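Novice: A structural model of the following input is requested.
(2 chains)
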Amino acid sequence: MTLTTFFGCAFTAYGPSLAIFFGSIAPNAQLVILMVSSAFFWLISVLLASAIWYMASDSRNTFPVTIIYTVLLQELFRYFLYLLINRAESGLNMVAMHPKSKFNRSYITQLVNSLGPGVIMCESCKTVSLYFISAITTSILILHHCAWMMISFTGFTNRSWLRIAWVVITHYGASYLTILNSSPTINYGCAYQIIGNVALLIASAIIVFADMRHLHQKLS
Amino acid sequence: MGVPGDRYSTDMEMTNRAATSPSRTGVAGEALGDEGENIRATANRPRRRPREPRRRPRLTPEQRAAYEEAERIADMKFYMLQIYKIIKPVVVCICLSILWVKISMAGSDYRPTQSSYTVYKESPNSTASQNFLGSLANAGIIIGQIVIVTIIIVVLFKRGHIKVLIGFFMVVVAMLLGFMGYILILNLIQVLRIPLDYLTMAFALWNFSVTGLISVFWKGPMWVQQMYLTVMSSLMAFSLTGLAEWTTWMLLALLVVWDLIAVLCPFGPLKILVESSRSQNQEVPALLYTVNAVWFMASPPDAILNRETLNSKESSESENLTLNNDGSPRTNFHGGHSRATGRDGGASISSSRNSGLDASFSAHGGMSRTSSTMELVPGANGETGNRDTIELRERARSGDSGNSPRSRGEGSPLAGRVARSTSGRQGPNRDPRRDSRETDDDEEHRESSDDDDDDDGGGLKLGLGDFVFYSVLVARAAMFDWVTTMCCMVAVLTGMNATIFLLAIYQKALPALPISICFGMLFYFATRFALVPFLAVLARGQVFI
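Specialist: The predicted structure follows:
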């Protein structure tokens, strides 16, 4: 029974992201590298957050405070990652100046790809109780991260503050919603949390699709 | 000596390169493109000589600049692809070692123990300084062994005692596969409760290790070879997980230092090894996981070419081009075959195969090749090219297992060369490019040959030692927690990526361990002491960040 639970939860949590990974990231060299580097950056942010948490021994068990700086750090490092990638691409972007070379076309499509299917974040959460809820939440949050990645990168490139704000706010929203999981006062907290997160995810997905379509139109 | 220098115009090179790039990435339709390139090369041939004189002045600065830019970009893309190709075996190796560790930790009596040469036994109640010094001593002993063995290998290689080296490696590989495989199987049997008698196990193990030996040192399908290299590394890593914790970390830290010294110092043994293997055109057997081996699976001609460009660079390309026009596409196929089957002395192995493979090895082809060999040897003036040819031929001859050794022996290396310069995507592109560069300043030329020398030309090579120690680190982390495992894996992979990008920038052999291991150790301790409790608290509250 425990084994089946384990596999069920594991695949619920990581199934969608694995599907994304093997479907669209693994065949593309650039995306794999991008994924590894973004995972690295995410890890750095979480490590920093955990270091802060480690030092702030007073507020160790007050989740709202913890969430504030973790989310902030994550978004900050997302921006750093964007800067890094942008810088790396400015090196590569010389191709675009070459009307003759055939890289031109293929490279832009690759760029679109790299903006596209996004990035997997490793959420390592094996909770003590309510495994299934956390599995679902994990999978939702991974998808959330993909969507945030795309939205924020478009936001950074277009300098649209609305998108960046949306990412930060929804990130906070999603994190605070998960507090409901363990809240002793609200009944069915986890259900509310999942519903809220799914709603946020749908909203983000709509934004992503709109952006993608816009991008495609601009390209063609 | 044949034509002093065939020139493609720059724009032609550009188109060639442009044609190259998509086919590099694409897997399908490689063979077709290859054929097309052949045909084109052959068709071009009569026109090439008259064209030559007016080609040279057409390299305007703008064209050159533009061309170089395109080339740099192509290089970057190339390296990206290389990273992609190398990540897979590394991840597989790491995952295998994690698996071994997890299995052996699930209550087995046969875990690899501390080896007998560790002088200090860690115990949980000894103080930190005791642990530190003792583990330093242990790790120092191991490092000392590594250093000595490395130096011996380098000396042997430098002196050209390849046979001794190969024998040594064969023993090592056999021991590794057999003995560590035995321990691993004992683990598996005990943990998974498999009923198995000794006879069957001995038989299976014998087959396993002998197959490994054959495929690594002689011939075998590429994927079997790669599989064995990966499994070997993971077994080695597994055997090293028997070390105590402090010793492991100390060992990794010392290894970083040693790696830096060995690769970057002017007289570092590994640097000497790399350089002499480059100049002797011989690969150190069983020590390197070459990406073009991986590449071979993806796109056969590329693999050949990558290997071959190394050889071709010193001798004059014009000859190769003339040669290749004599050779039919079939010769290509020979080359391909040789590279497919053999790892070191590849050409030689092919020759024996070829004989069976094409009986219609036409007199025309054979003759032209023999004659061209004659031409080539005096032609390769001055540089190492001369030696290369001879060596190649010697290898070919010695490895030739059969009929008409003479003509075969001469034919096969040439077949290799022919393949290299005709077949394709890279041959025709690279060679003329280099030619065009030779006309320019010396520095330029050196640079280009440099980058061809390096991982650009030969495909990316990652030492198996790096595989092993990446896996050791992650396996060590796996003995603690899953979270640390994942963190270390990401850190190691990122470090590897960073190293490869540095490689792209500096264009010389770099130590692969330092960045990865430093990241890995940093992340391990950070994760262990901060992240794991943090996540535990978060998980208790079911809060997601």
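Novice: quick one, helices of chain A?
Specialist: Taking DSSP state H, the helices of chain A run over residues A:2-20, A:29-55, A:63-92, A:103-115, A:131-158, A:161-179, A:189-219.
Novice: okay if I get those helices as JSON lines plus mean neighbour count and mean pLDDT?
Specialist: Where you see a C-beta, it was placed from the backbone N, CA and C, and this is true even at glycine. Shown next, in JSON lines, are the helices of chain A (neighbours: other Cβ atoms under 10 Å in any protein chain shown; pLDDT from 0 to 100):
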{"stretch": "helix A:2-20", "mean neighbour count": "15", "mean pLDDT": "70"}
{"stretch": "helix A:29-55", "mean neighbour count": "21", "mean pLDDT": "78"}
{"stretch": "helix A:63-92", "mean neighbour count": "17", "mean pLDDT": "76"}
{"stretch": "helix A:103-115", "mean neighbour count": "17", "mean pLDDT": "29"}
{"stretch": "helix A:131-158", "mean neighbour count": "22", "mean pLDDT": "75"}
{"stretch": "helix A:161-179", "mean neighbour count": "19", "mean pLDDT": "84"}
{"stretch": "helix A:189-219", "mean neighbour count": "15", "mean pLDDT": "80"}
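Novice: including distance to chain B, could the ones you listed go into JSON lines?
Specialist: What follows is these, written out as JSON lines (distance: least, Cβ to the nearest Cβ, whole Å):
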{"stretch": "helix A:2-20", "distance to chain B": "11"}
{"stretch": "helix A:29-55", "distance to chain B": "3"}
{"stretch": "helix A:63-92", "distance to chain B": "4"}
{"stretch": "helix A:103-115", "distance to chain B": "6"}
{"stretch": "helix A:131-158", "distance to chain B": "5"}
{"stretch": "helix A:161-179", "distance to chain B": "4"}
{"stretch": "helix A:189-219", "distance to chain B": "8"}
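Novice: of the ones you listed, which is nearest B:Leu188?
Specialist: In terms of Cβ to Cβ, the element of the helices of chain A nearest to B:Leu188 is helix A:2-20, at 18.7 Å.
Novice: for chain A, what's the nearest residue on the stretch 1-150 of chain B?
Specialist: B:Tyr84 (3.3 Å; Cβ to the nearest Cβ).
Novice: was I right about that residue contacting A:Val32?
Specialist: Yes - with contact defined as Cβ atoms under 8 Å, B:Tyr84 reaches A:Val32; the gap is 5.6 Å.
Novice: follow-up on the earlier one: can you redo the helices of chain A as JSON lines with distance to B:Val532?
Specialist: Putting these into JSON lines (distance: least, Cβ to Cβ, whole Å) gives the following:
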{"stretch": "helix A:2-20", "distance to B:Val532": "19"}
{"stretch": "helix A:29-55", "distance to B:Val532": "8"}
{"stretch": "helix A:63-92", "distance to B:Val532": "15"}
{"stretch": "helix A:103-115", "distance to B:Val532": "32"}
{"stretch": "helix A:131-158", "distance to B:Val532": "17"}
{"stretch": "helix A:161-179", "distance to B:Val532": "19"}
{"stretch": "helix A:189-219", "distance to B:Val532": "24"}
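Novice: tell me the domain boundaries of chain B?
Specialist: B:10-58+B:293-439, B:77-109+B:128-286+B:457-540 (automatic domain parsing).
Novice: lowest mean pLDDT across these, which one is that?
Specialist: Sorting the domains of chain B by mean pLDDT places domain B:10-58+B:293-439 lowest, at a mean of 35.
Novice: hmm, back to that, what about the residue of the stretch 1-150 of chain B closest to chain A, helix or strand, and which?
Specialist: Using DSSP states H and E, B:Tyr84 falls within helix B:61-105.
Novice: ok, then the element right after that helix?
Specialist: helix B:128-159.
Novice: what packs against that following helix?
Specialist: helix B:162-175, helix B:245-264, helix B:269-280 (3 or more Cβ pairs under 8 Å, 6 or more residues apart in numbering or on different chains; DSSP states H and E).
Novice: leaving out the residues flanking it, which one is nearest to A:Ser37?
Specialist: B:Thr494 (6.2 Å; Cβ to Cβ, 6 or more residues apart in numbering or on different chains).
Novice: the helix or strand containing that neighbour - contacts with which helices or strands?
Specialist: Here B:Thr494 is covered by helix B:482-506, with elements defined by DSSP H and E. In terms of contacts (3+ Cβ pairs under 8 Å, 6+ apart), helix B:482-506 is packed against helix A:29-55, helix B:61-105, helix B:464-478, helix B:513-526, helix B:532-540.
Novice: now, of these, which is deepest in the fold?
Specialist: Highest mean neighbour count among the helices and strands packed on helix B:482-506 (mean count of other Cβ atoms under 10 Å in any protein chain shown): helix B:464-478, with a mean of 26.
Novice: CA atoms only: put that helix into PDB for me.
Specialist: Listed next in PDB are the C-alpha coordinates belonging to helix B:464-478 (Å, rounded to 0.1, in the frame of the first residue of the first chain):
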ATOM      1  CA  LEU B 464      36.300   8.900 -17.000                       C
ATOM      2  CA  GLY B 465      37.900  10.200 -13.800                       C
ATOM      3  CA  ASP B 466      35.600  13.100 -13.900                       C
ATOM      4  CA  PHE B 467      32.600  10.900 -14.300                       C
ATOM      5  CA  VAL B 468      33.800   8.900 -11.300                       C
ATOM      6  CA  PHE B 469      34.200  11.800  -9.000                       C
ATOM      7  CA  TYR B 470      31.000  13.500 -10.000                       C
ATOM      8  CA  SER B 471      29.300  10.300  -9.200                       C
ATOM      9  CA  VAL B 472      31.200   9.900  -5.900                       C
ATOM     10  CA  LEU B 473      30.100  13.300  -4.800                       C
ATOM     11  CA  VAL B 474      26.500  12.700  -5.700                       C
ATOM     12  CA  ALA B 475      26.600   9.200  -4.200                       C
ATOM     13  CA  ARG B 476      27.900  10.600  -1.000                       C
ATOM     14  CA  ALA B 477      25.100  13.100  -1.000                       C
ATOM     15  CA  ALA B 478      22.700  10.300  -1.700                       C
END
